[in-house]
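> Sequence isn't available, so here's the structure alone:
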């Protein structure tokens, strides 16, 4: 769902001349789409396809093969995973290898032995300083796209320990730098073993800074003082490159949190990476690298927005493609005494305002408030009006950022943000040709059940992630339409 939605949004932004933003921040299926956009050596017209006209989207047109970025979701990942396992790929690498073959191989981006760098110039500098990498393959972002990308994952827990809302942190991966930029709550964390006979792991320093991505995933510097960071720090090279496929696979490993809490399984199934903390004057004691299990960024925060606030972004367009429908049985503009739950529409939105912030064995959303709670109900009111008018759920806000110590967000700044939230839009559906409109009225037989909120997993069983051409093309057309309908609003924020 996220990839299909991103396809349409990217296509509209391309045609509006707004795709060359400073940064794209992505999570899960959004990282599938954004990594292809950023790294694929293919012109944008071919990669994203031509602009769509809703009035021409007959069923025959929708059943045409999507453009390359969208077509990858037609791949049967179950078959790939079974084939790879039969070829001897270990479980711990199986998800990454499957994602590499299904989504990155069509663009020549699937090599597990390739490094990443921020540019060709950066690649040359890395090779000059590290001659052993002179002949190694590096993937770099293509020109004419965003200046950089952050692919978000969750650092669940060290092998053999449980992930909880009190120790899971966000892992930022970019072609230039990767890691966890801040200490959660500015204190060390603790972990409980999945084996009740084993002792608790306490006072573990986690995060504190970023490491050059080509050097990420190895042991801590031999010089204890060098663990505080700086330029030109000598380190042992990681055993294997932190490649694009690993970062994309980790970002979408939705099973990561749950598996990490099952005795004896997490270390064998979850993607993993070695990490050490960057020390500081506040936390000067060096610590060795530990092997951590990594899961989907959505285990912690499913929009990528908080990573941008960590970096001080002040102008943002947030594409939220959550699975939950907007509940409109209540008039949110006339609701005296109503106490929001955060579940009025996708909790990915409510969490940002401090509503619906919960934790269980699969998601740790306790610490995600970054905007005042008082701004939530007025936003629901505006969204309610838009839904009543059949329009896309797109609103612009100037919001004060709330201090969030877990994420290292200082607060106090103002962000100019447009939220584009996936949901039913009768104005879009009213533009569709008669046969497509009729198909939406017969969703169980037309393959359009729950449009546009298709399931992330098993939408077309038995395959885990496969969508049909019809589903990809119609969903991407709606998100493209939503961006175009709000072009002035989005242009005002991004320019």
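Structure received. Remember, it's a predicted structure, so these values are computed and weren't measured experimentally. Numbers count the residues shown, from 1 in each chain.
> and residue 258, what does it touch?
Neighbour list for residue 258: 361, 362 [criterion: Cβ atoms under 8 Å, 6 or more residues apart in numbering]. No exception for glycine: its C-beta is placed from N, CA and C like everyone else's.
> How far does whichever helix or strand it is part of sit from its chain's centre?
Secondary structure assignment for residue 258, by DSSP states H and E: helix 256-260. Relative to the chain's own centre, helix 256-260 is displaced by 17 Å; criterion: Cα atoms, centre = their mean, to the nearest Å.
> now swap in stretch 217-233 and tell me
Taking Cα atoms, centre = their mean, one finds stretch 217-233 lying 28 Å from the centre of the chain it belongs to.
> What residues sit buried inside that stretch?
217, 218, 220, 221, 226, 227, 228 (16 or more other Cβ atoms under 10 Å).
> quick one on the thing from earlier: what mean pLDDT would you report for the helix holding residue 258?
On average, the pLDDT along helix 256-260 is 85.
> now do stretch 444-458
Across stretch 444-458, the average pLDDT comes to 96.
> Between the two ends of it, how far is it?
Start-to-end span of stretch 444-458 (Cα to Cα, to the nearest Å) is 15 Å.
> Okay, buried residues for that stretch please.
Applying a neighbour-count criterion of 16+ other Cβ under 10 Å, one finds 446, 447, 448, 451, 452, 453, 454, 456 buried in stretch 444-458.
> now it: how far from the chain's centre is it?
Taking Cα atoms, centre = their mean, one finds stretch 444-458 lying 21 Å from the centre of the chain it belongs to.
> what's in contact with that stretch?
For stretch 444-458, the external contacting residues (Cβ under 8 Å, 6+ apart) are 1-2, 4-5, 28-29, 59, 254, 323-325, 422-425, 439-440, 443, 460, 464-465, 467-468, 470-471, 474-475, 478.
> got it, and stretch 111-128?
With Cβ under 8 Å, 6+ apart as the criterion, stretch 111-128 contacts 96-97, 100, 133-134, 136-141, 148, 174-176, 212-214, 240-247.
> which among those end up buried?
Buried among these (16+ other Cβ under 10 Å): 96-97, 100, 133, 138-141, 148, 174-176, 212-214, 241-247.
> do you know how far residue 37 is from residue 7?
9 Å (Cβ to Cβ, to the nearest Å).
> correct me, but residue 57 touches residue 470?
No. Taking contacts as Cβ atoms under 8 Å, residue 57 lies outside contact range of residue 470: 9.7 Å.
> The stretch 351-495 of the chain: helices as residue ranges?
Remark: helices assigned in the stretch 351-495 of the chain by DSSP state H, counting those that start in this stretch are 376-388, 426-429, 434-441, 443-446, 469-485, 487-494.
> Rebuild the ones you listed as JSON lines, extending it with distance to residue 358.
Putting the helices of the stretch 351-495 of the chain into JSON lines (distance: least, Cβ to Cβ, whole Å) gives the following:
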{"stretch": "helix 376-388", "distance to residue 358": "16"}
{"stretch": "helix 426-429", "distance to residue 358": "32"}
{"stretch": "helix 434-441", "distance to residue 358": "33"}
{"stretch": "helix 443-446", "distance to residue 358": "30"}
{"stretch": "helix 469-485", "distance to residue 358": "28"}
{"stretch": "helix 487-494", "distance to residue 358": "30"}
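> what's the closest non-adjacent residue to residue 84?
Of all residues not flanking residue 84 in the chain, residue 97 sits nearest, at 5.2 Å (Cβ to Cβ, 6 or more residues apart in numbering).
> cool, residue 275 as well?
residue 292 (5.4 Å).
> residues near that neighbour, how many?
25 (other Cβ atoms under 10 Å).
> Check residue 290 too.
When neighbours are counted by other Cβ under 10 Å, residue 290 comes out with 20.
> in the sheet, who's paired with the closest residue in space to it that isn't next to it in sequence?
Nearest non-adjacent residue to residue 290, counting by Cβ to Cβ, 6+ apart: residue 158, 4.6 Å away. For residue 158, the beta-bridge partners under DSSP bridges are residue 292.
> Would you mind measuring from residue 158 to residue 291?
To residue 291, residue 158 is 6 Å away according to Cβ to Cβ.
> For the two, indicate the residue with more neighbours.
Shown here are residue 158 and residue 291; by other Cβ under 10 Å, residue 158 has more neighbours (23 against 13).
> list the contacts for that one?
Counting by Cβ under 8 Å, 6+ apart, residue 158 touches 191, 201, 204, 290, 291, 292, 293.
> Just give me the neighbour total for the first one.
Each residue near residue 191 was counted by other Cβ under 10 Å, and the total is 22.
> cool, and the last one?
The number of residues packed around residue 293, counting by other Cβ under 10 Å, is 30.
> One more: the third one?
Residue crowding around residue 204 was assessed by other Cβ under 10 Å; the count is 16.
> all strands of the stretch 301-450 of the chain, in order?
315-320, 393-400, 414-421 (DSSP state E, counting those that start in this stretch).
> Touching both of residue 37 and residue 7, which residues are there?
Common neighbours of residue 37 and residue 7 (Cβ under 8 Å, 6+ apart) are 48, 69.
> Between those two, tell me which one has more neighbours.
A count of neighbours by other Cβ under 10 Å puts residue 7 above the other of residue 37 and residue 7, at 31 against 25.
> Wait, a helix at the more buried one?
Yes. Counting by DSSP: H, G, I helix; E, B strand; the rest coil, residue 7 falls inside a helix.
> Okay, it and residue 29: tell me how far apart.
From residue 7 to residue 29 the distance is 11 Å (Cβ to Cβ).
> Which parts of the stretch 101-250 of the chain are strands?
Under DSSP E, counting those that start in this stretch, the stretch 101-250 of the chain gives strands at 115-116, 138-139, 149-158, 169-173, 177-180, 189-191, 201-204, 209-212.
> quick one, what contacts residue 215?
235, 237, 238.
> I misspoke; the intended subject was residue 388.
residue 328.
> How about residue 72?
Contacts for residue 72 (Cβ under 8 Å, 6+ apart) come out as 3, 32, 36, 102, 103, 106.
> Can you give me the neighbour number for residue 376?
Counted with other Cβ under 10 Å, residue 376 comes out at 20.
> Verify the stated contact: it with residue 353.
Yes. Residue 376 lies in contact with residue 353 (Cβ under 8 Å); the separation is 3.8 Å.
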